[in-house]
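Student: build me a structure from this.
(one chain, ligands or ions: 1)
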Amino acid sequence: MAPGSGIKILGISGSLRKASLNTGLLRSAEKAIPEGVEFTIADISGLPMLNQDLEGKGPNGVIEFPEVVEAWRKQVAGADAILFSSPEYNYGLTAALKNAIDWASRPPNAWDDKPAAIVGAGGGVKAYQSNRVLRLSGIFLNLHFINKPETQFAIRDPGLFDWSTGDLLTEEGNQRVADTVTALVAWTKRLQQ
Ligand SMILES: Cc1cc2nc3c(=O)[nH]c(=O)nc-3n(C[C@H](O)[C@H](O)[C@H](O)COP(=O)(O)O)c2cc1C
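Tutor: Take a look at the predicted model:
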């Protein structure tokens with residue numbers, strides 16, 4: 001077995017839309033996953049809005065979560081690396097993504113010490129503002145983001161996306177996502193050494 005193989009990457013889209021362009025970026029990433037690496041696209045649509053009243057106290061002060069939240073936290077904790085595809089809502093993260101991040105951050109922090117990368121599709125300034133906001137949260141969460149390549153797409157680029165499905169259409173675009181996957185796998189192997 002090649003060193004570093006067996007890596008599990010969790011792909012998380014910040015959009016709940018069926019034809020989301022950002023979820024389309026994760027499908028593009030899926031096509032570029034090398035042999036021996038596992039890739040799963042998470043479904044964060046069923047998570048309740050974070051409300052600490054939904055938390056219970058177990059033995060030894062351990063926090064108990066609703067079943068769907070517990071499953072989400074387990075999925076995050078079981079991943080070796082995270083690939084976020086983050087849209088931009090009002091210069092920030094979508095509520096859905098922030099909510100999913102916050103649930104998994106409750107003690108013990110499921111994001112702790114994980115390598116991560118960000119891709120995104122947004123409007124005039126692509127999704128760079130949400131990228132910045134996510135990186136800022138990543139400091140507190142102790143996520144280790146790759147810096148390059150920067151893989152941001154402008155949603156209005158003619159011919160870039162199929163808006164009926166969210167699929168990324170161009171060879172160049174798909175290659176940029178593939179390069180991000182390559183960099184994330186290499187970064188994950190490096191951190192695992
Ligand atoms: C509430 C809301 C706020 C938005 N704010 C921004 C923004 O600040 N910057 C931006 O580039 N696009 C903004 N957009 C446009 C999104 O980038 C666009 O809808 C994008 O396609 C969403 O990603 P998705 O296709 O993955 O759902 C906003 C869209 C919505 C619905």
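Student: every contact and neighbour count from this point should use C-alpha atoms.
Tutor: Will do.
Student: who is the residue nearest in space to the middle of the chain paired with across the strands?
Tutor: Residue closest to the average C-alpha location in the chain (Cα atoms, centre = their mean): residue 84, at 2.1 Å. Partner residues in beta bridges with residue 84: residue 12, residue 118, with DSSP bridges as the criterion.
Student: what's near enough to touch residue 108?
Tutor: Residues in contact with residue 108 (Cα atoms under 8 Å, 6 or more residues apart in numbering): none are found.
Student: and the residue nearest to the centre of the chain, how far is that from residue 143?
Tutor: 12 Å (Cα to Cα, to the nearest Å).
Student: common neighbours of these two, please.
Tutor: Common neighbours of residue 84 and residue 143, counting by Cα under 8 Å, 6+ apart, are residue 116.
Student: which bits of the protein sit near the ligand?
Tutor: The interface of the chain toward the ligand, taken as Cα under 6 Å from any ligand atom, is made up of 15, 17, 20-23, 87-91, 122-127.
Student: so where's this structure shaky on pLDDT?
Tutor: Of all residues in the chain, those with pLDDT under 70 make up the ranges 1-4.
Student: make it 50
Tutor: Under the criterion of pLDDT under 50, the regions of the chain flagged as low confidence span 1, 3-4.
Student: in the longest helix along it, what's buried?
Tutor: For the chain, the helix reaching the highest residue count under DSSP state H is reported as helix 171-192. Of the residues in helix 171-192, those buried under the neighbour-count criterion (16 or more other Cα atoms under 10 Å) are 173-174, 176-185, 187-189.
Student: and of these, the nearest to residue 60?
Tutor: Taking Cα to Cα as the measure, residue 60 lies nearest residue 188 of the buried residues of helix 171-192, at 33.4 Å.
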